[in-house]
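# next come a sequence and a model predicted from it.
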Amino acid sequence: MRDGGRRLARIPGSSRIGPGMPAIPLLAAAAALAVVAGAPGVAGVGGVAGAQASSGAQEGPVSLEGVVDLHVHAGPDSRPRSVDDIEAARAARDAGLRAILLKNHFTMTADRAALAMGQVEGIEIFGGVVLNRAVGGINPEAVRQMATFSGGRGKVVWLPTFDAEHYVTAAGGGASYVPILAGGEPLPAVLEVFALIAEHDLTLAMGHSGPGEVLRLIPEAKRLGVRRILVTHVFSQGATRDQMRQMVDEGALLEIDWLAVHTGGRTIDDYVSAIRALGAGAFFLSSDLGQEGNPLHAEGLRDYIRALREAGVGDEEIDVMARRNPARLLGLDPW
Ligand SMILES: [Zn+2]
C-alpha cells in the first residue's frame, strides 16, 4: 500500500509535515494549491497525474487515516439523528479520520465542537453556523458571535440551506425563505457576512443556493477577502458541468457527497465523469450522513472510496479529494 506506514505513524491531530517528509505528491499538491488560489485551467492536472501515478495501488483495504469529513450531521437536532456529536466524533476517530465538521441546519456548532473536543482525543472537531431562519437568516451578528466563541472551533459559514430561496422554490411550495440576492444583486447583509468571514479567516459554504446565485456571489466574496469557498453538494444543487467549471475557475471547491449516491439520487458514475472532466483538484468528498437509519459517517466514506476505486479513480485522486482539499477548506495544513 502506498506510503500507508508513514500515514499510520502520524499522530492524529498533528498537522505539521516536517522537512524530509515529502508526504504530498507534488503534482497533486500543485493542482490542489492552484484550485485554492483560483488559477484557471490547472484543476485537471491532479486528475490526470493521479490516475497515471496510482494505477495498481487500488487493491488494498480502504484506509480513512487523514480523511476529513466536512459534512457530519449528529444530534441533538430537530431531525432524527443516529448518534450525538460526541458519539460521531468517537466513531470517526476510531475509524482514523483526521477531522470532522459538525453541521446543523438550525443551530450553530462551534460550541458543540468545542465541548466534543474536550471529550474525544485524537481528532479535530470543527463547527460553524448555517444562516437559516432559526438563527435569523442572513444575520451578521450570528457569524460574529460564532467566530469569537471560546474554543475557536467555528470555521464555516453556510448560506441558507433548507430556507434557501432556490431550495424552497425548487422543492415546490414553501412561502418562507431567506433571500440572498435582490434583483440579481447581493443583499447588504450578505456582503457584511462575507466581510466577517474574511475578517475571521472562516470558510464560506454556499448552502442550498442555486448555481446562478453561487456564480454571482463567488466574485463578491473574493472581492471582500474571503479565501476559502466551498460549493455545497454541487450536484444536488443542479449545477451543470459548465457551471461547475466556472465555479472551479473562480477558485471554489465542489462538494460531492456520499448520501446522494447512497440514497440513489446520483450515481458514482456521475461523479467520476465530472472528476475526469474537471480534475480531482476541483472536488472534495463528504459523507452528509448521520440520519437515523443510514450508515455512520466513516462507514459511508469507506463505501464511497471503495466505489470510486472500483470506478477507476486512483488513490492519488482520492487523496486530493478526501484528505487534502477538505483539510485546506478548514485552514489545516495539507496531509
Ligand atoms: Zn447535510
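It's in. Values in this document were obtained by computation on a predicted structure and should not be read as measured data.
# what about the helices in the stretch 1-150 of the chain?
Listed in chain order, the helices of the stretch 1-150 of the chain (DSSP state H, counting those that start in this stretch) span 4-9, 26-37, 44-53, 85-94, 110-119, 140-148.
# tell me how far the fifth one lies from the chain's centre.
Same thing as helix 110-119. Relative to its chain's centre, helix 110-119 lies at 19 Å (C-alpha atoms, centre = their mean, to the nearest Å).
# just the CA atoms of it, as CSV, please.
Coordinates of each C-alpha in helix 110-119 appear next as CSV, following Å, rounded to 0.1, in the frame of the first residue of the first chain:
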residue,chain,number,x,y,z
ALA,A,110,-18.8,26.0,17.2
ASP,A,111,-19.7,25.5,20.9
ARG,A,112,-20.7,21.8,20.4
ALA,A,113,-17.5,21.2,18.6
ALA,A,114,-15.5,22.7,21.5
LEU,A,115,-17.3,20.5,24.0
ALA,A,116,-16.8,17.4,21.9
MET,A,117,-13.1,18.3,21.6
GLY,A,118,-12.9,18.1,25.4
GLN,A,119,-14.4,14.6,25.4
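# give me the angle between it and helix 140-148.
20 degrees (axes from the mean of the first three to the mean of the last three C-alpha atoms, to 10 degrees).
# pull the residues that contact helix 110-119.
85-86, 89, 102, 104, 124-129, 146-147, 149-155 (C-beta atoms under 8 Å, 6 or more residues apart in numbering). In short, each C-beta sits where N, CA and C put it, glycine included.
# mark which of those residues are buried, thanks.
The neighbour-count test (16 or more other C-beta atoms under 10 Å) marks 85-86, 89, 102, 104, 124-129, 146-147, 149, 151, 153-155 as buried among these.
# out of these, name the ones that lie in strands.
Residues from the buried ones among the contacts of helix 110-119 lying in strands, with DSSP state E as the criterion: L102, E124, I125, F126, G127, G128, V129, G154, K155.
# let me know the closest of those residues to E199.
Checking those against E199 with C-beta to C-beta, the nearest one is G154 at 13.0 Å.
# how about the closest one, what does it touch?
G154 neighbours (C-beta under 8 Å, 6+ apart): M108, T109, A110, A113, F126, G127, G128, V129, M146, A147, L202.
# next one: D303
W258, H262, P295.
# now stretch 209-224: average pLDDT?
For stretch 209-224, mean pLDDT is 98.
# what sits up against it?
38, 159-160, 164-166, 170, 180-181, 184, 186, 190-191, 194-195, 197-198, 204, 206, 229, 231-232, 234, 237-240, 243, 246-247, 250-252.
# mind redoing it with 6 Å?
Stretch 209-224 has contacts (C-beta atoms under 6 Å, 6 or more residues apart in numbering) with 159, 164, 166, 181, 186, 194-195, 198, 204, 206, 229, 231, 237, 239, 243, 246, 250, 252.
# please apply the same query to stretch 121-131.
With C-beta under 6 Å, 6+ apart, stretch 121-131 has contacts from 12-13, 89, 92-93, 99-102, 105, 108-110, 112-113, 116-117, 138, 142, 146, 153-161, 330.
# buried stuff in the helix or strand containing E299?
Under the criterion of DSSP states H and E, E299 resides in helix 297-310. Neighbour counts over helix 297-310 (16+ other C-beta under 10 Å) mark H297, A298, E299, G300, L301, R302, D303, Y304, I305, A307, L308, R309 as buried.
# can you list these in a markdown table and add distance to H71 and pLDDT?
As requested, the buried residues of helix 297-310 are exported to a markdown table (distance: C-beta to C-beta, whole Å; pLDDT from 0 to 100):
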| residue | distance to H71 | pLDDT |
| --- | --- | --- |
| H297 | 8 | 98 |
| A298 | 13 | 98 |
| E299 | 14 | 98 |
| G300 | 10 | 98 |
| L301 | 10 | 98 |
| R302 | 15 | 98 |
| D303 | 15 | 98 |
| Y304 | 12 | 98 |
| I305 | 15 | 98 |
| A307 | 17 | 98 |
| L308 | 16 | 98 |
| R309 | 21 | 98 |
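# returning to what we had before: ok now the helix holding E299, how far from the chain's centre?
16 Å.
# ok, then the element right after it?
Heading C-terminal from helix 297-310 (DSSP H and E), you reach helix 315-319.
# CA atoms only: put that following helix into CSV for me.
The C-alpha coordinates for helix 315-319 follow below in CSV (Å, rounded to 0.1, in the frame of the first residue of the first chain):
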residue,chain,number,x,y,z
ASP,A,315,-5.7,6.7,-4.8
GLU,A,316,-3.8,9.9,-5.6
GLU,A,317,-7.0,11.5,-6.7
ILE,A,318,-8.8,10.1,-3.7
ASP,A,319,-6.1,11.6,-1.5
